[in-house]
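Visitor: I would like the atomic coordinates for the input below:
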Amino acid sequence: MGITKLADLIRADAPSAISHRNISDYTGKTIALDTSIVVNQFRAATPSLSPLTGLFFRTLTFLEHDIKPVFVIDGKPPGEKTAALVKRAQTVGWSSPNWTGTASAGTKDCVQLLKLLGVPVIQAPGDAEALCAWLVREGVVDAVASEDMDTLPFGANVLVRQFNAKKDNDIIEYSLPKVLEQLKISHEEFVDLCILLGCDYCDKIAGLGPKRALTLIQKHRTIENVVLHVNRKTHPVPHFWKYKEARRLFLDKVDREPVELIWSEPDEEALVGFLCHAKHVKEMRVRHRMEKFRKTRESKREERKEEESVAGQNRQTRMEDFFRVTRTRSLPVESANSMCSSRKRLKLTM
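Guide: The predicted structure is shown next:
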């Protein structure tokens, strides 16, 4: 679910924190993706097809653009997320949520596919969004791609949404430092704001809209102070409200060793064996996509080389124009003598 109406609030009160891009802007970038978000998108869009097919096609498109994807798998969910997971399971028709964090058969298939594509996969200790945000803060990746806005309170400096690999798609990028600057609040205050808006880890104060929540945080700075000043008749505070536990989950640092990421070339024969022989995807479809992948990637690389070469030539031309070398012309003797006489006269009059 993410953070309720956070995107609307940022659009209204921190518009300069949002930029619109296309997929080519992320060439050469390393992007962390929440695997469950990507898979659920394919399940919703094409329920009759295996999400493996969509994951296969989309990942190759990232690689064609020389984008380095890193897929993060959810671990054991925190207990505070129980209610949200139950509701989510009911929405998609599952019998029960995954309480243990043990990878399901579908998740294992996704991991195997991604490894055959030569893409790194990381197991998160808890929520994938928290680890994705940590990867950005540590400088391991450049951004997080997720539809859930809660990567921002987790501390992801750059969040991209609608990162679905379509050529002309409008990708929306959020800058957390700009959000904080425009809203005039700290990261800790932003976390409290997100809890007031509504998150996956606890209830919210009933009837409290985004604008009012922002005003209260800007004025009172903490949930504790907001509770002291809110009208409890119109905005009742939940009993046994676990906002402190939610705050801790957002602000706690991820405790893990530095991550080493390695990409390799896709293994076409192994992909055919897995997708076609084991998962019954048509072999011609996989072969055709792999051939297109190789040609498209090479073509895009050649285009970039030409663009860089032209840009380099233009820079060189501008430098030569700036530091233009001119020939020193000798003055006629009469003119030189007159200049010397002028200097003498000037010296005498000083």
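Visitor: So residue 52 belongs to a strand, correct?
Guide: No - counting by DSSP: H, G, I helix; E, B strand; the rest coil, residue 52 is not found in a strand; it is helix.
Visitor: Going forward, the N-terminal residue is numbered 22.
Guide: Yes, from this point I'll number from 22; that puts the last item at residue 73.
Visitor: wait, isn't it in contact with residue 134?
Guide: Yes - checked against CB atoms under 8 Å, the pair residue 73 and residue 134 is within contact range at 5.6 Å. The C-beta positions use only the backbone N, C-alpha and C, and glycine is treated the same way.
Visitor: anything in contact with each of these two?
Guide: residue 296 (CB atoms under 8 Å, 6 or more residues apart in numbering).
Visitor: pretty sure residue 183 contacts residue 194?
Guide: No - in this structure, residue 183 is not within contact of residue 194 by CB under 8 Å, at 9.8 Å.
Visitor: The spatially most central residue of the chain bridge partners, please.
Guide: Centrality entry for the chain: nearest residue to the mean C-alpha point is residue 165, 2.6 Å, by CA atoms, centre = their mean. Legend: beta-bridge partners of residue 165 under DSSP bridges are residue 53, residue 180.
Visitor: ok, it - contacts?
Guide: Per CB under 8 Å, 6+ apart, neighbours of residue 165: 52-55, 150, 153-154, 156-157, 172, 177, 179-181.
Visitor: Pick out whichever of residue 183 and residue 194 has more residues nearby.
Guide: residue 194 (19 against 14; other CB atoms under 10 Å).
Visitor: Can you report phi and psi for that one?
Guide: Phi and psi for residue 194, reported as degrees, to the nearest 10, are phi -110, psi 130.
Visitor: Next up, the contacts around it.
Guide: Going by CB under 8 Å, 6+ apart, the list of residues near residue 194 reads 39-42, 164, 179-182.
Visitor: how far away is it from residue 173?
Guide: Relative to residue 173, residue 194 is positioned 12 Å away (criterion: CB to CB, to the nearest Å).
Visitor: quick one: common contacting residues for these two?
Guide: Residues touching both residue 194 and residue 173 (CB under 8 Å, 6+ apart) are residue 180.
Visitor: Kindly present the contacts of residue 165 as TSV, with separate columns for distance to residue 287.
Guide: Output for those, formatted as TSV (distance: CB to CB, whole Å):
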residue	distance to residue 287
52	18
53	20
54	17
55	22
150	27
153	23
154	28
156	23
157	26
172	28
177	28
179	27
180	28
181	23
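Visitor: Can you spell out which helices and strands pack onto the helix ranked longest in the chain?
Guide: Using DSSP state H, we find that the single longest helix of the chain is helix 304-343. Under the contact criterion of 3 or more CB pairs under 8 Å, 6 or more residues apart in numbering; DSSP states H and E, helix 304-343 touches helix 72-85, helix 289-292.
Visitor: ok, and which of these has the densest surroundings?
Guide: Comparing the helices and strands packed on helix 304-343 by mean neighbour count (mean count of other CB atoms under 10 Å), helix 72-85 ranks first with a mean of 20.
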